[in-house]
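Asker: 3D model of this:
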Amino acid sequence: METEAERREAFLNDLSGCESTLRGLIAGALSRLDDRADVFQEVVVLLWRTYARYDRARPFLPWAVGVATRRLQEEYRRMRKRPGLLPDAELEELAAALVATAAEPRAETEALTECLGKLPERSAQLVRRRYFEEASIGQLAGETGQTAASVYQQLSRLRRQLALCIRRRMSPQHSTTQCDEYRS
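Answerer: Just a heads-up that it's a prediction; the model follows:
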């Protein structure tokens, strides 16, 4: 019989192996840093509460990503009037792509770099400022002279384009021209 300490240690071990993938999924789905942090913490709590029902004979990552995806869908329903949210089908595709490529983070990073390079420079810079430098939507709106809603919409469109490009780049049938179809 497993002790509580052993179960907690096993959980933390499993969680540490997929934390960056979960954070990446949440970052790809939510634009506000506060929302990301809150949802990540809620996902960790949900994973812990349901860990006793998790079948350890199966890989932890797909299960954890499934829990996170359902939690993000709940968050989307709560935030339904906020622009920039991915449709449920695209959120699930993003989750599936992350699970499929979790074993190859370097390949995923290379795919992201390649796909970012195919964006028009203004669009790529907007993505870099928001997600790598963590500039706020308000800052970006001020820098670009656009409204916050317009920046949200543009980032939403760019996230979808990048997710599609990365999926294509990571697919076994990848060809070098598949990511060239950007409209900005």
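
Asker: what packs against the helix or strand where residue 8 lies?
Answerer: Element membership for residue 8 (DSSP states H and E) is helix 4-29. Secondary-structure packing of helix 4-29 (3 or more CB pairs under 8 Å, 6 or more residues apart in numbering; DSSP states H and E): helix 33-50, helix 60-78, helix 88-101. Where C-beta positions appear, they are placed from N, C-alpha and C, glycine not excepted.

Asker: give me that answer again for 10 Å
Answerer: helix 33-50, helix 60-78, helix 88-101, helix 105-118, helix 148-170 (3 or more CB pairs under 10 Å, 6 or more residues apart in numbering; DSSP states H and E).

Asker: any chance of these in CSV, plus mean neighbour count, mean pLDDT and distance to residue 26?
Answerer: Output for the helices and strands packed on helix 4-29, formatted as CSV (neighbours: other CB atoms under 10 Å; pLDDT from 0 to 100; distance: least, CB to CB, whole Å):
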stretch, mean neighbour count, mean pLDDT, distance to residue 26
helix 33-50, 15, 93, 5
helix 60-78, 18, 89, 7
helix 88-101, 18, 77, 10
helix 105-118, 15, 78, 16
helix 148-170, 19, 87, 12
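
Asker: geometric centre of this structure: which residue is closest?
Answerer: Nearest to the mean C-alpha position of the chain, by CA atoms, centre = their mean, lies residue 25 at 2.3 Å.

Asker: pretty sure it sits against residue 62.
Answerer: No - checked against CB atoms under 10 Å, the pair residue 25 and residue 62 is beyond contact range at 11.8 Å.

Asker: right, and residue 124 touches residue 117 too?
Answerer: Yes - using CB under 10 Å, residue 124 is in contact with residue 117, at 7.2 Å.

Asker: ok, back up a step: need the overlap of contacts for residue 25 and residue 62.
Answerer: Common contacts of residue 25 and residue 62 (CB atoms under 10 Å, 6 or more residues apart in numbering): 18, 95, 98, 99.
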